[in-house]
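>>> compute the structure for the input listed below.
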Amino acid sequence: MKKHSFLLLLLFSFVLTACSNEKDHVTTEPAVKEETQESRLEDIEKINLEVSKEALTNLPPGSMMADLSYEEDSKEIGNSIPEMDPEIKNQLPSQLEQLTKESDDLDTIKKGLLGLLASPHYKQVIESSMAYQPNFEEPYLPDPTRSDVDEEVAANKKAIILLDASSSMLLQSDGRVKMDIAKDAVKSFAQTIGQSSEVSLVVYGHKGSENDEDMFESCSGIEELYPMGKYSKQDFHEAVDSFESKGWTPLAGAIQKAAEMSSNYLEGTTIYIVSDGAETCGGDPIQASRDLAAKNSSNTVNIIGFDVDSKTEDQLKAVAEAGNGEYFKADNPEELKNTIQYEWLPATLDLAWAFTMAPDGWELGDEYKIGEQYPLQVWTIGRRESQRLSDAISIMGENKWITEEQQNELRDWAMERSEAIKEVYYEMYKDNREEADAKSKEIRQRVDEWVEKMKALKKERGDIW
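Sure, this is the predicted structure:
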């Protein structure tokens, strides 16, 4: 009897333990699940369904969109929207089923869809658009009170700009690469002298490298990148932007190249040299300059030494003197700009051409396109997102996780959201277009005021207009 009693007692204890464990399992697991569900729903409720620049900027990226690159998301898509990524499409149904089990409230489902599929790139593209600044070329308007404006000096009809692109131009001046500074200054200078002269751009030092084995290639690589002719802003800028600094400094060879070119011209030729270094290819730039001037008494060789040492400056001064020209020193970017744009300007400016220094219709149109770039990407991103939402809504409808009425309402919402994002695109583009208009107007006003100031000064002097 005792043995049987013990067995009964042991069996009873086992049953109690099993029941206790089962009870613990039943009571604890739902508690953990409920906590996770509540946390997820709380995160979903924080999502803002509003469509505006601010709301889109602050919209958290969809949890399934981590691998969507900015380049892919903003890539132009035309009239057809690419299908959803197959991997995301395979993973999406389980997420959607869970979402619809957690709530049947439409606003919550909308937020849940965005929590899964919202683009991660609204913030980047909207902030880029809001940072837009028109980039018109600034006109150079020399202060007439600095200029004598009293001598009628006939400008030479031909102008050759020799630009040093040797490796030393890769060094920095005031935090910028010297080559970039020189290019900007030469672009503006060419626009000015191009109103009264035909222009050519000759570059040297842009071939090979500074290594000894590349010396021949670099020293012989002297190239006319903008053929002598009427100034065209677009073509000239393309020529200036088409090369980089690389090699040696064939200054004498560049002057000889200019001499060969000028021998074909009836008029005198003015040579403008922008350089930061002395001859390194073994030539004699002083003699080359003397020979150029001897071919025509109207030929001149003017030089700006940009951030040069004293030894280099001595050589460049001698080159300018031998070419019946002038030497100007520029130790920093601002001095280069002032020198290249002021010292070599003809004393009498052709005011009839002044209007060309303000943005024209073509330039304004080009700037509109630049200002539209990021707003258009917002619309593109929104269209891709709308397609993902539409696909997700279809999946929920096909699986009967939502009613037909809910499906229709969600589809309407996705379309309305896409249209609202399109309106954001229009708003942002309009803002940027107005920025461009305002900047263009401001430049034109400065040019007009400068012209009037010049006219008044000439009238005071009794000049015949």
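
>>> residues contacting the residue positioned nearest the centre of the chain?
If you average the C-alpha coordinates of the chain and look for the closest C-alpha using CA atoms, centre = their mean, you land on residue 370, 8.9 Å from that point. By CB atoms under 8 Å, 6 or more residues apart in numbering, the contact set of residue 370 is 132, 135. All C-beta atoms are positioned from the backbone trio N, CA, C, and that covers glycine.

>>> that one should be in a helix, yeah?
Yes - inclusion of residue 370 in a helix is indicated when DSSP: H, G, I helix; E, B strand; the rest coil is applied.

>>> where's it relative to residue 437, distance?
Per CB to CB, to the nearest Å, residue 370 is found 13 Å from residue 437.

>>> what's the answer for residue 248, then?
Between residue 248 and residue 437 the distance, using CB to CB, works out to 47 Å.

>>> one more: residue 313?
With distances taken as CB to CB, residue 313 is found 46 Å from residue 437.

>>> quick one: the strands in this protein?
Listed in chain order, the strands of the chain (DSSP state E) span 158-164, 172-173, 176-177, 198-204, 222-229, 269-275, 300-306, 327-330.

>>> which residues of the chain score low on pLDDT?
Across the chain, the ranges flagged by pLDDT under 70 are 1-41, 140, 142-156, 195, 337-353, 457-465.

>>> what does stretch 295-303 rub up against?
By CB under 8 Å, 6+ apart, the list of residues contacting stretch 295-303 reads 156, 255, 259, 262-263, 267-275, 289, 292-293, 316-317, 319-320, 322-328, 344.

>>> need the buried ones from the residues you listed selected in ChimeraX.
Selection command for ChimeraX covering only the buried members of those, criterion 16 or more other CB atoms under 10 Å:
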select :156,255,259,262,268,269,270,271,272,273,274,275,289,292,293,316,317,319,320,322,323,324,325,327,328,344
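
>>> in a markdown table: the strands of the chain, plus distance to residue 380.
Converted to a markdown table, the strands of the chain look like this (distance: least, CB to CB, whole Å):
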| stretch | distance to residue 380 |
| --- | --- |
| strand 158-164 | 40 |
| strand 172-173 | 38 |
| strand 176-177 | 34 |
| strand 198-204 | 39 |
| strand 222-229 | 37 |
| strand 269-275 | 43 |
| strand 300-306 | 44 |
| strand 327-330 | 46 |
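
>>> mind checking the ones you listed for the one nearest to residue 84?
Proximity to residue 84, assessed across the strands of the chain by CB to CB, is greatest for strand 176-177 (45.1 Å).

>>> sheet partners, orientation included, of the closest one?
In its sheet, strand 176-177 lies beside strand 172-173 (antiparallel), with partners assigned from DSSP bridges.

>>> buried ones in stretch 103-114?
Residues of stretch 103-114 classed as buried by neighbour count (16+ other CB under 10 Å): 103, 108, 109, 110, 111, 112, 113, 114.

>>> list the contacts of it.
41, 44-45, 47, 49, 59, 62, 99-100, 102, 389, 392-393, 402, 406, 409-410, 413.

>>> again, only using 10 Å
Residues outside stretch 103-114 that contact it (CB atoms under 10 Å, 6 or more residues apart in numbering) are 37, 40-41, 43-49, 59-62, 95-96, 98-100, 102, 115, 118, 385, 388-389, 392-393, 396, 401-403, 405-406, 409-410, 413-414, 417.
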